[in-house]
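**Q** For reference, the sequence and a predicted model appear below.
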Amino acid sequence: MTYPKPLSEKSLAKLYQQSGLSQEQSNYLHSLFLACANLYGAIPLRVVWDIYQAQADAPKLRRKDLIAFSAIARREVNPYLVFEIDELYSGENRADLSREIVSGELVGFGYGKLHAYYRLMESIGREPYFLPGDILQYATRTSSKEEKALMNFLNELQVTAKECHPPYADPYLCENRGKRLKEFSFLNRSERFEEEYLSKHRGSLQAFKESIAGTEAEKIFRKNWRNENIYPLGFSSQIEDVTDELVEVGVELSQRQLETLVQLLTDYHNHSHLWCLSGWTPSELARQYKSSMPTAISFGPNMRKMITDGTMNGEGFVKEIQKMGLHVIK
């Protein structure tokens, strides 16, 4: 089923007039929907109504106002989309409160454009939705201190290798040798293949290029962000994913740099509001449900050393993680 196309400003203004929503209500609902998309990735309208009711300083709204706005938002250009349930699951019957707010990050292009959405749905556990005191604070994305620390570290990493070593391919000279990751953009072997393939299929190449734009540091961070939120690989696999990209681009990490990277990734994981955890940070979830749902990661110095110097193999790492009470996806 095709998602409806955006309407003109004139047509949208007419819909808003017919809805009876005031400017204050409309502005609030725009912020509410954006905050929900940022915090949860995807969320049904019936849950959004519950979240709204828990807010102390929100303008007065009726449930039918929320429904009316969601219908109009479907015809606007926003960083999120509002899907009818049968547009996501063909066997379902439409119901107003079954509409879902879905972040644009979860909607791709071409065949399988909703793959990321379905992957998120598969990875979400049984946690209740995280309910902040002020939901609108998430309408604007801000960087946590852990995110800034990780990004600063990636920015300053330098390409020192003479040769790049892509997986399952012959090495080649590092064209960015001497540069820091904040100074250039790099296409890895997988991205080069995708670009070449899409160049033969009109309409998809530009969208793909936009999805991989940015410096190498930004791309590594963005991929790790998506793994954290949408494709949880298990923490050991996420570390490996980052280090594999660094090897391919030509960054040779010292022992100290590798230990620092592991710690920064750990801190970032523990303090990030994750879509796959229904908006909770792992550390908050562990404190709230410490008897049954420990999800934060903590490494002592000895364990960090074993991870980074290779003393602890993959199976050993999994066993140590499981001892913490964490679920490990193998």
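**A** On my side now, so go ahead.
**Q** which stretches of the stretch 51-200 of the chain have low pLDDT?
**A** Where the stretch 51-200 of the chain drops to pLDDT under 70, the residues are 200.
**Q** Any idea how many residues pack against Leu114?
**A** 16 (other C-beta atoms under 10 Å). Quick note: C-beta positions are derived from backbone N, CA and C, even for glycine.
**Q** from memory it sits against Tyr89, does it?
**A** No. Leu114 lies out of contact with Tyr89 (C-beta atoms under 8 Å); the separation is 10.2 Å.
**Q** which residues touch Thr160?
**A** 177-178, 250-252 (C-beta atoms under 8 Å, 6 or more residues apart in numbering).
**Q** Please identify which of those residues is nearest to Phe153.
**A** Nearest to Phe153 out of the contacts of Thr160 is Val251 (C-beta to C-beta; 11.4 Å).
**Q** Number of residues surrounding the closest one?
**A** Val251, neighbours per other C-beta under 10 Å, totals 23.
**Q** Look up how far Leu181 lies from the residue nearest to it when sequence neighbours are not counted.
**A** Nearest non-adjacent residue to Val251, counting by C-beta to C-beta, 6 or more residues apart in numbering: Leu157, 5.1 Å away. Leu157 is 5 Å from Leu181, where distance means C-beta to C-beta, to the nearest Å.
**Q** Kindly report the same for Leu88.
**A** 37 Å.
**Q** For stretch 90-99, buried residues please.
**A** 96, 98-99 (16 or more other C-beta atoms under 10 Å).
**Q** before we move on, what about stretch 124-139?
**A** 124, 127, 129-130, 135, 138-139.
**Q** now the residues you listed as TSV including secondary structure?
**A** Formatted as TSV, those follow (DSSP: H, G, I helix; E, B strand; the rest coil):
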residue	secondary structure
Ile124	coil
Glu127	coil
Tyr129	coil
Phe130	coil
Ile135	helix
Tyr138	helix
Ala139	helix
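**Q** any idea which of those is closest to Asn224?
**A** Of these, the one sitting nearest to Asn224 (C-beta to C-beta) turns out to be Ile124, at 19.1 Å.
**Q** which residues touch that closest one?
**A** By C-beta under 8 Å, 6+ apart, the contact set of Ile124 is 275-278.
**Q** circling back: Leu88 and Leu181: who's more crowded?
**A** Legend: neighbour count by other C-beta under 10 Å for Leu88 and Leu181, higher for Leu181 (25 against 18).
**Q** isn't the more buried one right next to Glu245, touching?
**A** No. The criterion here is C-beta under 8 Å, and Leu181 misses it with Glu245 at 10.0 Å.
**Q** what's the overlap in contacts for these two?
**A** Common neighbours of Leu181 and Glu245 (C-beta under 8 Å, 6+ apart) are Ile220.
**Q** can you map out the strands along the stretch 151-300 of the chain?
**A** Under the criterion DSSP state E, counting those that start in this stretch, the stretch 151-300 of the chain contains strands at 163-164, 172-173.
**Q** cool, the stretch 1-150 of the chain as well?
**A** Going by DSSP E, counting those that start in this stretch, the stretch 1-150 of the chain shows strands at 42-44, 80-83, 100-103.
**Q** out of the ones you listed, deepest packed?
**A** strand 100-103 (a mean of 24; mean count of other C-beta atoms under 10 Å).
**Q** what's in contact with that one?
**A** Here strand 100-103 has contacts from 33, 36-38, 40-45, 48, 70, 79-83, 85, 88, 117, 275, using C-beta under 8 Å, 6+ apart.
**Q** Let's see that with 6 Å instead.
**A** Contact partners of strand 100-103, identified using C-beta atoms under 6 Å, 6 or more residues apart in numbering, comprise 33, 36-37, 41-44, 80-83, 117.
**Q** Now find how far off-centre that strand is within its chain.
**A** In terms of C-alpha atoms, centre = their mean, to the nearest Å, the centre of strand 100-103 is set 13 Å apart from its chain centre.
**Q** Direction included, what does that strand pair up with?
**A** strand 42-44 (antiparallel), strand 80-83 (antiparallel) (DSSP bridges).
**Q** Mind checking these for the one nearest to Lys14?
**A** Closest approach to Lys14 among the strands paired with strand 100-103 (C-beta to C-beta): strand 80-83, 18.6 Å.
**Q** to the chain's geometric centre, what's the distance from that closest one?
**A** Counting by C-alpha atoms, centre = their mean, strand 80-83 comes out at 16 Å from the chain centroid.
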